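# Provide a 3D model corresponding to the input given below.
(chains A and B)
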Amino acid sequence: MTQEILPPLSASLHVKPAGWRFGLRLWLPLFLLWLLLIPLLILALPLLFVGSLIFRFNLWRSLRAANGVLAATRGSQVEVDKRDTSVFIKLH
Amino acid sequence: MHDNRRQILDMLAQGKINSAEAERLIAALERSDMPVARDTSAVKYLRVLVDANDEQEGPTKVNVRVPMQLLRAGVRLTGVIPDRAREQVNEALRKEGIPFDINKLTPDNLEDMIEQLRDLSVDVDNERAKVRVFCE
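Numbers count the residues shown, from 1 in each chain, chains lettered A, B, ... in the order given. Just a heads-up that it's a prediction; the model follows:
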């Protein structure tokens, strides 16, 4: 598995709400979320397969493309600074 | 290139230039024949910077970095759209006055487009906000 096809494995979240003296610095292990979702995806595969036959789309290609979009979000960064509030999110 | 080099050697043979000058000229000739170094590094991110100043909410700064890979993945996602749905999308775009054929949106075309984005820079200066969009 190359790095390009892996979804974001973690996220950094820095939040400083209004009125707070210090902000929160969180590291979110997103890989745990993916580990939880994989069994659900496996359970949903028969339904997706039936859906692909009914709506005539390539299930394998669709899953790969969806995973590609997810993997492409790695490196995304959003930073918002206001007078007394700031938010920073980065996907690793 | 060979003609120029021969010309320099002829001038050396005729005694119009000395060996040091000939060497310098040949070195200059080789430098000029070297391919121009091109920035081949891929454009990785689209950056959006907003610096706004609202009277009520005060100054706000926004800094968003979007990976170009997301654009590529989005185009690959169009590949899984069924043909009938593609025609409907094209029809809807035509109705909106956008004569765009999403069938022509391929990863190869996209690479060319992203390459052109390298020099993209959009600057919007307003009394209330400054917006800058560029690729890096």
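# how about B:Phe134, nearest residue that isn't a chain neighbour?
B:Ser121 (4.5 Å; CB to CB, 6 or more residues apart in numbering or on different chains). All C-beta atoms are positioned from the backbone trio N, CA, C, and that covers glycine.
# touching, that neighbour and B:Val131? I think so.
No: B:Ser121 lies out of contact with B:Val131 (CB atoms under 8 Å); the separation is 11.3 Å.
# give me the more crowded residue out of these two.
B:Val131 (15 against 9; other CB atoms under 10 Å in any protein chain shown).
# contacts for the helix or strand of chain B with the lowest mean pLDDT next, please.
Least confident helix or strand, chain B: helix B:19-33 with a mean of 76, by mean pLDDT, DSSP states H and E. Applying CB atoms under 8 Å, 6 or more residues apart in numbering or on different chains, the set of residues contacting helix B:19-33 from outside is B:Met1, B:Asn4, B:Arg5, B:Ile8, B:Leu9, B:Met11, B:Leu12, B:Ile17.
# just stretch B:47-65 next, same as before
Contacts to stretch B:47-65, defined as CB under 8 Å, 6+ apart, come from residues A:75-83, B:45-46, B:66, B:128-136.
# 7 Å instead, please
Contact partners of stretch B:47-65, identified using CB atoms under 7 Å, 6 or more residues apart in numbering or on different chains, comprise A:76-83, B:45, B:128-134, B:136.
# now do stretch B:83-102
If you take CB under 7 Å, 6+ apart as the criterion, stretch B:83-102 is touched by B:Thr78, B:Asn103.
# what's the spacing between that stretch and its chain's center?
27 Å (CA atoms, centre = their mean, to the nearest Å).
# after the least confident helix or strand of chain B, next one along is what?
Downstream of helix B:19-33, the next assigned helix or strand under DSSP states H and E is strand B:45-54.
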